[in-house]
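[1] make a model of this:
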Amino acid sequence: MQTKVFHVIVGLDVGGAELMLKRLVTSVFNQPQHTVVVSLTSLGQIGADLRASQITVHALGMRSLRQAPLALLQLTRLILRYRPLIVQTWMYHSDLLGGLAARMAGCKNIIWGIRTTDVSRGGSRATSWVRWLCARWSGWLPHTIVCAAEASRLVHAALGYRANRLVVIPNGFDLQRLQAPAGAREALRIQSGLSKDSLVIGFLGRFNAVKDVQNFVNAAGHVARQHPHARFLMVGAGIDTCNRTLGGWLEKTGFADRFILLGARSDVCVCLAAMDVFALSSFSEGFPNVVGEAMAMRLPCVVTDVGDAALLLGNCGVVVPPKDSVALAQGMAYLLELPLAQRQALGGAARARIAIEFSMTRCAQRFESVYADVLENPRN
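    Residues are numbered from 1 along each chain as shown. This next block holds a predicted model:
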């Protein structure tokens, strides 16, 4: 049986692109028998999950760009073996190697995938070189280039990517998965020392410069002065009591006892369920999945105006400038001060927006539309 879509990705460890690939190929629109996934590097947790879902997965074991010629040869042989209708690649290195391998195997139906928005933080010199080469070859190598965010499309068009081949397909969210078990909210709040009167503003993200954790902390300090019942639940890798830098920021607010640091957690839905308001404090994002997850969990959100955050949020929350703790604090306070019924209504509208515009079903439909266009309108 001929493979419909042959996916090529750098690796299959847990990450945004990898999880998106997993959700796409396990959706009702992609039958396992028509799908092949190739990791340029290792199998990873996502690869194991895909195999458990009866999807064919290959891992090429590439460790550096020095092994790219061998990986290119292996990819070409696999494409010749499976004869896919479409080769879909994810991120720069896969775009380049997967696109070249597809062409060498005689397949011109190539879809590239771009996830990055902040190219100033685009990684190593090698990655910059690969991106430059992709931009120069974007007019003939891929049929279509799928960007995960409008912000990504604009940035890459400015870098020289062929604008008429760039399309945007936002990430999709699995609404059935984004639910917390009954009683989980209350249980986590009790474990965290929160009272019934506590109004909880949440942060979820790793301790990383672009997430601007200090912006969140400073804004929370402003809110704490005016709202005695406000508490701040922070979740993510490096967001724990061992982080001395973070601890220093908390002490400077004068309200360190109002912050609950949970560190890295696997029960994201439970953590979101324990919150009353969600805040995104980043100064750079592409398509911020965490905002979509918070919206799906019926949380009113205040977000910095970065990447596609405002586009995702729509009219279901508050948008403020990045790197402005006062504005972020004002947005937090506005949502806290809403009557409970209005805050809940705003959260309900947020979930409805995700269900209509950003569900996994809607995302898969958009990809199916791109697949149809690639097959019906071939290019040289």
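
[2] identify the residues contacting Thr56.
    Neighbouring residues of Thr56 by CB atoms under 8 Å, 6 or more residues apart in numbering: Pro32, Thr35, Val36, Val37. Backbone N, C-alpha and C define where each C-beta goes, glycine included.

[3] one more time with 10 Å
    Neighbouring residues of Thr56 by CB atoms under 10 Å, 6 or more residues apart in numbering: Thr3, Phe6, Pro32, Gln33, Thr35, Val36, Val37, Val38, Leu50, Leu78, Tyr82.

[4] report the buried members of those.
    Thr3, Phe6, Thr35, Val36, Val37, Val38, Leu50, Leu78, Tyr82 (16 or more other CB atoms under 10 Å).

[5] part of a strand, is the fourth one?
    Yes: with DSSP: H, G, I helix; E, B strand; the rest coil as the criterion, Val36 is part of a strand.

[6] returning to that earlier point: got TSV for the contacts of Thr56, with pLDDT too?
    Output for the contacts of Thr56, formatted as TSV (pLDDT from 0 to 100):
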residue	pLDDT
Thr3	73
Phe6	97
Pro32	73
Gln33	74
Thr35	93
Val36	96
Val37	97
Val38	98
Leu50	95
Leu78	98
Tyr82	95
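
[7] of those, just say which sits nearest to Cys271.
    Distances from Cys271 to the contacts of Thr56, taken as CB to CB, are shortest for Leu50 (26.2 Å).

[8] so that closest one, which of the three states?
    helix.

[9] list the contacts of the closest residue to it other than its chain neighbours.
    Distance criterion CB to CB, 6 or more residues apart in numbering; nearest residue to Leu50, sequence neighbours excluded, is Val57 at 5.0 Å. Contacts for Val57 (CB under 10 Å, 6+ apart) come out as 7, 12, 25, 35-39, 43-44, 46-51.

[10] go with 8 Å
    Leu12, Val36, Val37, Val38, Ser39, Leu43, Gly47, Leu50, Arg51.

[11] quick one, strands of the stretch 201-350 of the chain?
    Applying DSSP state E, counting those that start in this stretch to the stretch 201-350 of the chain gives strands spanning 230-235, 259-263, 277-280, 301-304, 317-320.

[12] can you tell me which of these is most buried?
    Of these, the one with the most neighbours on average (mean count of other CB atoms under 10 Å) is strand 277-280, at a mean of 29.

[13] residues in contact with that one?
    199-204, 216, 219, 272, 288, 290-291, 294, 299-304, 306, 309, 328, 331-332, 335-336, 343.

[14] identify each buried residue in the helix-or-strand element of the chain with minimal mean pLDDT, please.
    The helix or strand of the chain with the poorest confidence is helix 16-25; it has a mean of 90 (mean pLDDT, DSSP states H and E). For helix 16-25, a neighbour-count test (16+ other CB under 10 Å) marks Ala17, Glu18, Met20, Leu21, Lys22, Arg23, Leu24, Val25 as buried.

[15] out of those, who's nearest Met91?
    Of all the buried residues of helix 16-25, Ala17 has the smallest distance to Met91: 5.9 Å, by CB to CB.

[16] quick one: the closest one from Asp212, how far?
    22 Å (CB to CB, to the nearest Å).

[17] likewise Ile55?
    Distance from Ile55 to Asp212, by CB to CB: 37 Å.

[18] likewise for Leu73?
    According to CB to CB, Leu73 and Asp212 sit 43 Å apart.

[19] between the two, which is the more surrounded one?
    With neighbours defined as other CB atoms under 10 Å, Leu73 and Asp212 compare such that Asp212 has more, 23 against 13.

[20] turn the buried ones among the contacts of Thr56 into a markdown table, including distance to Gln179.
    Shown next, in a markdown table, are these (distance: CB to CB, whole Å):
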| residue | distance to Gln179 |
| --- | --- |
| Thr3 | 34 |
| Phe6 | 33 |
| Thr35 | 27 |
| Val36 | 32 |
| Val37 | 27 |
| Val38 | 33 |
| Leu50 | 23 |
| Leu78 | 38 |
| Tyr82 | 37 |
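
[21] tell me the one of the residues you listed nearest Val374?
    Phe6 (12.7 Å).

[22] quick one, what contacts that closest one?
    Thr35, Val36, Val38, Leu78, Ile79, Tyr82, Pro84, Ile86, Val87, Gln88, Ala102.

[23] quick one: the first one and Ser27 touch, right?
    If I follow you right, that is Thr35. No: using CB atoms under 8 Å, Thr35 is not in contact with Ser27; the gap is 10.4 Å.

[24] so where is the stretch 101-250 of the chain shaky, pLDDT-wise?
    Counting by pLDDT under 70, the stretch 101-250 of the chain shows low-confidence ranges at 121-123.
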